[in-house]
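Peer 1: requesting a structural model of the entry that follows:
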Amino acid sequence: MDKSIGALCRHAMGFALVMTVGLALAPFVLLPSASFLGKDISALAVGVISFYPWIAAAEVAKILILAASLAFIVGLVAAAGAACLSKARWLIFPAGPAVAYVFWLLGAALKYPALFEGSLPPWGQHALFRLGFAVAPVALFGAASAIAIAPLLLLLLRLGKNTVQPRFRVALVGLAIAVCLPVIVQRWRMSVASEARSDNINVLFIGIDSLRSDRLLKAEVTPALQTLLADPQTISWRDHYVGIPRTFPSWIEILQGMPAASTGIRHMFPGFAERSKPFVGWVSQLQRAGYQTTVRADFAGDIFPRFQAGFNQVFAPNLTIMTMIRLNMDQAFMLLLPMMITGPFKELYPALKESPAFGDPEHLGSDFCEQLRKDTGARPWLETLFFSTAHFPYAAPYPFYSMFSSKHYQGPYRFQKNPEINAGSDAADSTEVGQIRGLYDGSIRAVDTELGRIFAQLKLQKLWDQTLIVITADHGEDLFERDHLQGHGEHLRGENVLKVPVLMKLPKRLVPVVKNLDFTTRSIDIGATVLAAVGLAKPVGEGINLLPWMTSATGPSPKLVAYAETGLWFARNGSAFFQKYRLDYPGISGLLNFDQGYSGEIVLNAIYEQIMVTAKHRMMIDGDYKIIYMPTPQGVRYELYNRRLDPENFYDLSAKEPAVLAALQRGLTTFVGAHERPTVRLVDQFLVPK
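Peer 2: All right, here's what the predicted structure looks like:
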């Protein structure tokens, strides 16, 4: 083999061309039936390219340029190493880098199997699932790195011999430094932590999407949260309810301290007019008080770039049609995905952050810990972290997707499970239900593991005692309890979706006098309590400051009434009970538009806004009782439950306790009339916007 730099570059260029073209085309040629999001990748790629050719072409070019560049660099090193041998040069080049990439690909597929699952035939999915019980991705990444670095080591060993040109020696030393120095610097930065220089009260607000209250009772699922709960400074709100179990409106309720009926955000797809107004709440008050306010989120946090609530910095994906096109293009090149999700290269493909299959809690945790190391304490901070991994399809990374699964599982839900869009078709036997719940628990455990790392970093930097930590959820999750199916937001029966945990660890200067708040609390109460805990006892929204019941011997517990409502129904038909008791409007494909005047965001068609509000199921909890309002074509249906004795809401008491029913009907009507914007009127018991 010619040892000149020009010849080595030609060999590397040929290798890069073959690798890039081969890896780009292989999924379309070898796996013609492969799919993601339920669509054939070849047909989808053609459709997207024909509709938005410039966006798709730019993303594809970015993918291919990165692949070719990395293949050229690896190929150049391998070719140079092979030139030092007299025999079996093909083992170093081209076989070496090709084998290294196979290990790299397998490691990436084991780390994030849901990213690759749709591009594999059933036998490939099963093999990948079983492999995850036998081999760790780190072992495969280690093997790939060893094979890739071997030629470089071989060259370094030959530096003292005449077989290597002097100019080439300098280049090799520079290359070795370039490869090793970033790793050394990163390890050093991770080991060095600045310490706070003041006694400011910082706020760490953590949202865990879809977290159910009952998971705090499972030590094997939430060990870090169990440790936090055992901290003497931590108080648990044990009877806490969200106001609307969908991410966007629920977060607006939390941040603004007002029910969704008052905020104007009633579903996941508000138009520009609804979301462009400033949502003044406790975050904006902290901002005005001098706090550095930041929110970091993964795929379900794509809501945060779409409204203003007082955050100085927003690090989250953005749900637009352009983002979805780029994501489709990224995922279509399955064999090139390992390059796109590795190290700093993932920042070149931000659309992948919109994918649940890439929602690794480690990404958010690492970003936060890196920022924490830079903290000087000169300014108090609010950091809001929103982890989406536990949102369906529960696509946790390795090893969490298999942590609560059996390696003998043979069904279709090895790595993820989305709800069926037509409610009622989700019937699953006990094996499938067990696997789905295992995926959910694995997703919670993935987030919990990252929380443990974050807590350790706070303690390392001596920030633990001066940080107010709040952990809650935007909603819970149904997991096939009775007839409740899977998901959230479609109905209001049961406790698993509406009732979520709140853990509040107070800073050291505040001394709690109770371990639990056992009375009913609401999402709208969180903000007022946070402000009071940091010394800003200013009113926010309609929430109640609950700090007095946590830190002093205050009088009787407040008797708070909890209100909730459903979100949009994504399907028009189905056999589930909530599909039988509802007013009709189109399915999700007929409801949404692309708001092309405002960055192509996906919004609800304005003509359906009024029917969507009119059709909502509504709920109120007052003491032990819960009333559910369901407007149907046959009239309004009311259900009444004793939530203490019947938490799954299986026994309707509306016929047996008419006096209680009538009292809660009046309470619900009064609450809605006082909060609905625009106001509503009663028409034959229907709550109809004026």
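
Peer 1: how about low-confidence regions in the protein?
Peer 2: Along the chain, the parts satisfying pLDDT under 70 run over 1-3, 28-51, 85-92, 155, 158-198, 421-428, 596-600, 678.

Peer 1: pick out the residue nearest the middle of it.
Peer 2: Among the residues of the chain, Ser388 comes closest to the average C-alpha position under CA atoms, centre = their mean, at 1.9 Å.

Peer 1: isn't that one up against Asp209?
Peer 2: Yes - under the criterion of CB atoms under 8 Å, Ser388 is in contact with Asp209, at a separation of 4.6 Å. Where you see a C-beta, it was placed from the backbone N, CA and C, and this is true even at glycine.

Peer 1: common neighbours of those two, please.
Peer 2: Residues touching both Ser388 and Asp209 by CB atoms under 8 Å, 6 or more residues apart in numbering: Ala300.

Peer 1: on that earlier part again, leaving out the residues flanking it, which one is nearest to the residue nearest to the centre of the chain?
Peer 2: Closest residue to Ser388 in three dimensions, ignoring its sequence neighbours and counting by CB to CB, 6 or more residues apart in numbering: Ala300, at 3.6 Å.

Peer 1: list the contacts for that neighbour?
Peer 2: The contact partners of Ala300, taken as CB under 8 Å, 6+ apart, are 209, 247, 359, 386, 388, 391.

Peer 1: where neighbours are concerned, which of those has the most?
Peer 2: Ranked by neighbour count (other CB atoms under 10 Å), the contacts of Ala300 have Gly359 at the top, with 32 neighbours.

Peer 1: that one against Pro393, yeah?
Peer 2: No - with contact defined as CB under 8 Å, Gly359 does not count as touching Pro393 (9.8 Å).

Peer 1: re the thing from before, right, and the pair among the contacts of Ala300 with maximum separation?
Peer 2: Of all pairs drawn from the contacts of Ala300, the greatest distance, 13.1 Å, lies between Thr247 and Gly359 (CB to CB).

Peer 1: ok so, going back, from Pro259, how far out is the residue nearest to the centre of the chain?
Peer 2: According to CB to CB, to the nearest Å, Ser388 and Pro259 sit 24 Å apart.

Peer 1: can you give me the strands for the stretch 551-690 of the chain?
Peer 2: 562-565, 592-595, 601-604, 618-622, 625-632, 635-642, 680-683, 686-689 (DSSP state E, counting those that start in this stretch).

Peer 1: nearest to Met339, out of those strands?
Peer 2: Across the strands of the stretch 551-690 of the chain, Met339 has its closest neighbour in strand 601-604 (28.8 Å, CB to CB).

Peer 1: and the closest one, what other elements does it pack with?
Peer 2: With contacts defined as 3 or more CB pairs under 8 Å, 6 or more residues apart in numbering; DSSP states H and E, the secondary structure elements packing on strand 601-604 are strand 592-595.

Peer 1: what do you get if the cut-off is 10 Å, keeping everything else the same?
Peer 2: With contacts taken as 3 or more CB pairs under 10 Å, 6 or more residues apart in numbering; DSSP states H and E, strand 601-604 sits against helix 272-275, helix 321-332, helix 588-591, strand 592-595.

Peer 1: closest one to Ile469 among the ones you listed?
Peer 2: helix 272-275 (28.5 Å).

Peer 1: buried residues in that closest one?
Peer 2: Of all the residues in helix 272-275, those buried under the rule 16 or more other CB atoms under 10 Å are 274-275.

Peer 1: again, but for stretch 287-300
Peer 2: In terms of neighbour count (16+ other CB under 10 Å), stretch 287-300 has its buried residues at 287, 291-300.

Peer 1: farthest-apart pair in those residues, please.
Peer 2: Considering CB to CB, no two members of these lie farther apart than Tyr291 and Phe299, which are separated by 26.5 Å.

Peer 1: circling back to that earlier point, who touches both of Thr247 and Gly359?
Peer 2: The overlap between the contact sets of Thr247 and Gly359 (CB atoms under 10 Å, 6 or more residues apart in numbering) consists of 209, 297, 300-301, 388, 391.

Peer 1: quick check: the farthest pair among those?
Peer 2: With distance counted by CB to CB, no two of the shared contacts of Thr247 and Gly359 lie farther apart than Ala297 and His391, which are 11.3 Å apart.

Peer 1: so for those two, which residues contact both of them?
Peer 2: What both Ala297 and His391 touch, as defined by CB under 10 Å, 6+ apart, is the set 209, 247, 359.

Peer 1: I'd like those residues as a markdown table, with secondary structure appended.
Peer 2: Output for these, formatted as a markdown table (DSSP: H, G, I helix; E, B strand; the rest coil):
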| residue | secondary structure |
| --- | --- |
| Asp209 | coil |
| Thr247 | helix |
| Gly359 | coil |
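
Peer 1: ok, these vs Leu531, which is closest?
Peer 2: Taking CB to CB as the measure, Thr247 is the one of the shared contacts of Ala297 and His391 closest to Leu531, at 23.3 Å.

Peer 1: how close does that closest one get to Arg306?
Peer 2: In this structure, Thr247 lies at 12 Å from Arg306, with CB to CB as the measure.

Peer 1: equivalent analysis for Gly476, please.
Peer 2: Gly476 is 24 Å from Arg306, by CB to CB.

Peer 1: neighbour count winner among the two?
Peer 2: Gly476 (26 against 21).

Peer 1: show me the contacts for the more buried one.
Peer 2: Listed by CB under 10 Å, 6+ apart, the contact partners of Gly476 are 209-215, 241-242, 245, 390, 488, 494-501.

Peer 1: repeat that for Leu217.
Peer 2: Contacts for Leu217 were tallied using CB under 10 Å, 6+ apart; they are Gln226.

Peer 1: surely Gly118 and Asn328 touch.
Peer 2: No - with contact taken as CB atoms under 10 Å, Gly118 and Asn328 are classed as non-touching, separated by 11.5 Å.

Peer 1: assign a three-state SS to Phe311, would you?
Peer 2: coil.

Peer 1: neighbours around it, how many?
Peer 2: Each residue near Phe311 was counted by other CB under 10 Å, and the total is 23.

Peer 1: could you check how far it is from Ile454?
Peer 2: On the measure of CB to CB, Phe311 and Ile454 end up 19 Å apart.

Peer 1: sorry, back to before: among the contacts of Gly476, the buried ones, what's the ChimeraX command?
Peer 2: Only the buried members of the contacts of Gly476 enter the following ChimeraX selection, criterion being 16+ other CB under 10 Å:
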select :209,210,211,212,213,215,241,242,245,390,488,494,495,496,497,498,499,500,501
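
Peer 1: take the contacts of Gly476 and keep only those in helices.
Peer 2: The members of the contacts of Gly476 all map outside helices under DSSP state H.

Peer 1: verify the stated contact: Ala139 with Gly107.
Peer 2: Yes - under the criterion of CB under 10 Å, Ala139 lies in contact with Gly107, with a separation of 7.9 Å.

Peer 1: between those two, tell me which one has more neighbours.
Peer 2: Between Ala139 and Gly107, counted using other CB under 10 Å, Gly107 has the larger neighbour count: 24 against 14.

Peer 1: how many other residues sit next to Pro232?
Peer 2: When neighbours are counted by other CB under 10 Å, Pro232 registers 10.

Peer 1: my read is it is in a strand, agree?
Peer 2: No - for Pro232, which was evaluated using three-state DSSP, the result is coil, with no strand membership.

Peer 1: OK, contacts around it?
Peer 2: With contacts defined as CB under 10 Å, 6+ apart, the neighbours of Pro232 are 505-506, 508, 511-512, 515.

Peer 1: buried subset of those?
Peer 2: For these, burial is judged from neighbour counts taken by 16+ other CB under 10 Å, and it is met by 505-506, 512.

Peer 1: in strands, which of the residues you listed appear?
Peer 2: When the buried ones among the contacts of Pro232 are checked against strands (DSSP state E), the matches are Lys505.

Peer 1: make JSON lines out of the buried ones among the contacts of Pro232 and add distance to Ile73.
Peer 2: Listed next are those as JSON lines, based on distance: CB to CB, whole Å:
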{"residue": "Lys505", "distance to Ile73": "47"}
{"residue": "Leu506", "distance to Ile73": "52"}
{"residue": "Pro512", "distance to Ile73": "56"}
